[in-house]
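Chemist: no letters, just coordinates:
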């Protein structure tokens, strides 16, 4: 079985490299904005969007008009045509259209007319590509080939050798690499293809090999073996600092007409970005360590599928913020792909399964409020923690589902590498066709 694995490392560029990265990132952003402008004008005149081939032809014209684009390597520039065409295609998918209509319906409820018009306009643009701003510091450069790996440095075309912190061994066949900017820091993601052994058969009746997980806010997770994982509350612990620095940022000078920030405001943005990065890194570190521990310890992991957006719509601002802070979706995503990496089994049960309301002993169903932390069954007199009871129910439901499946395997065990390989093949073929004419 072949799997796709991405390794992320922090780059240590010199001042000269930083200037070059900013130049190349700015060129890529400039080409994206020009392509989007061309695409919008094309739609107004022809009532349809241009194809990827037409966008690539336009890039050739841009290179003739703006000589500075030639400073950058061609691959990170021409990939913008593929990304833009895919984004436009995705904007007309059924799921995106439904989400856009929901946002428009919510915006129309606003009583203030001026604010309502702004919300409707914003909702109508949901899913469509947007212009990129240089103030957001989130440039990225895509390299499908030409990247060389050294012991402690990495080579990029037209950038040269850049030092990086190699904290782990890179395994497998290298497919492509991406340089990503995060504030003042730069990272490289190296995507590789490697072989993985098939999943071993497991005894689902063995209590030590199967685990059910109930996630929550008070405790991050309670396992069916009665292990309680405390909530790190990364955002809550740094909320005062964020409020203080955000307030300081709002007092710094910013020209609305020219959209130019003062030097002090630019420094303050870096301070705020650093705190947000710290919160994000604390959360990611916790999730990676926990998911790795669970996947390596247990053979079958069962988790409840949650509709997080629906949950956030029913609660207040503080609870919504806490739900976002725990990152349940990211935790489930990590468990899913790490189960593939480690040849383990992962299962998500239905989100409407009443894990909190059922008794794990007799199956009696009763309503229980959010305030009740103890589950007391009136039928069999079982009394235990509500989260522990829910974890046991999730495990039992998962085992019931697995027993009905003759060959236990994850639906996403086999990762389709053809889609990733086609990313550059598709772009390269379109580019060859575009080179025939400038249009």
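Modeler: Perfect, thanks for sending it. Quick caveat: nothing in here was measured; it's all calculated off a predicted structure. Numbers count the residues shown, from 1 in each chain.
Chemist: which residue packs closest to the residue nearest the centre of the chain, ignoring adjacent ones?
Modeler: By CA atoms, centre = their mean, the mean C-alpha position of the chain lies nearest to residue 330, the distance being 7.8 Å. Using CB to CB, 6 or more residues apart in numbering and skipping the chain neighbours, the partner closest in space to residue 330 is residue 287 (5.9 Å). Quick note: C-beta positions are derived from backbone N, CA and C, even for glycine.
Chemist: local confidence estimate at residue 58?
Modeler: pLDDT for residue 58: 95.
Chemist: hmm, I typed the wrong one, I wanted residue 262.
Modeler: 83.
Chemist: ramachandran angles for the nearest residue to it once chain neighbours are set aside?
Modeler: Distance criterion CB to CB, 6+ apart; nearest residue to residue 262, sequence neighbours excluded, is residue 253 at 4.0 Å. Taking degrees, to the nearest 10, you get phi -70, psi 130 for the backbone angles of residue 253.
Chemist: use 35 as the first number for this chain going forward.
Modeler: Let's use 35 as the start, then, which means that last one is residue 287.
Chemist: ok, residue 287 - contacts?
Modeler: Contacts for residue 287 (CB atoms under 8 Å, 6 or more residues apart in numbering) come out as 295, 296, 298, 299.
Chemist: just the buried members of those residues?
Modeler: 295, 299 (16 or more other CB atoms under 10 Å).
Chemist: about what we covered before: can you tell me the element the residue nearest to residue 364 falls in?
Modeler: helix 297-331 (DSSP states H and E).
Chemist: name the helices or strands packed onto that helix?
Modeler: strand 244-249, strand 253-257, helix 268-271, helix 273-284, helix 362-375 (3 or more CB pairs under 8 Å, 6 or more residues apart in numbering; DSSP states H and E).
Chemist: helix or strand next in line after that helix, which one?
Modeler: Following helix 297-331 in sequence, per DSSP H and E, is strand 334-338.
Chemist: angles on the backbone of the closest residue to residue 320 other than its chain neighbours, please.
Modeler: Leaving out its chain neighbours, the residue that sits closest to residue 320 by CB to CB, 6+ apart is residue 266, at 4.8 Å. Here is the backbone geometry of residue 266 (degrees, to the nearest 10): phi -70, psi -20.
Chemist: quick one: contacts for residue 266?
Modeler: 254, 316, 317, 320.
Chemist: top of these by neighbour count?
Modeler: Among the contacts of residue 266, residue 254 has the most neighbours (other CB atoms under 10 Å), with 21 neighbours.
Chemist: state the distance from that one to residue 115.
Modeler: Between residue 254 and residue 115 the distance, using CB to CB, to the nearest Å, works out to 43 Å.
Chemist: same question, residue 130
Modeler: Distance from residue 130 to residue 115, by CB to CB: 20 Å.
Chemist: again, but for residue 272
Modeler: From residue 272 to residue 115 the distance is 40 Å (CB to CB).
Chemist: which of those two has more residues huddled nearby?
Modeler: Neighbour totals were compared for residue 272 and residue 115, and residue 115 leads with 27 against 16 (other CB under 10 Å).
Chemist: helix, strand, or coil at that one?
Modeler: helix (DSSP: H, G, I helix; E, B strand; the rest coil).
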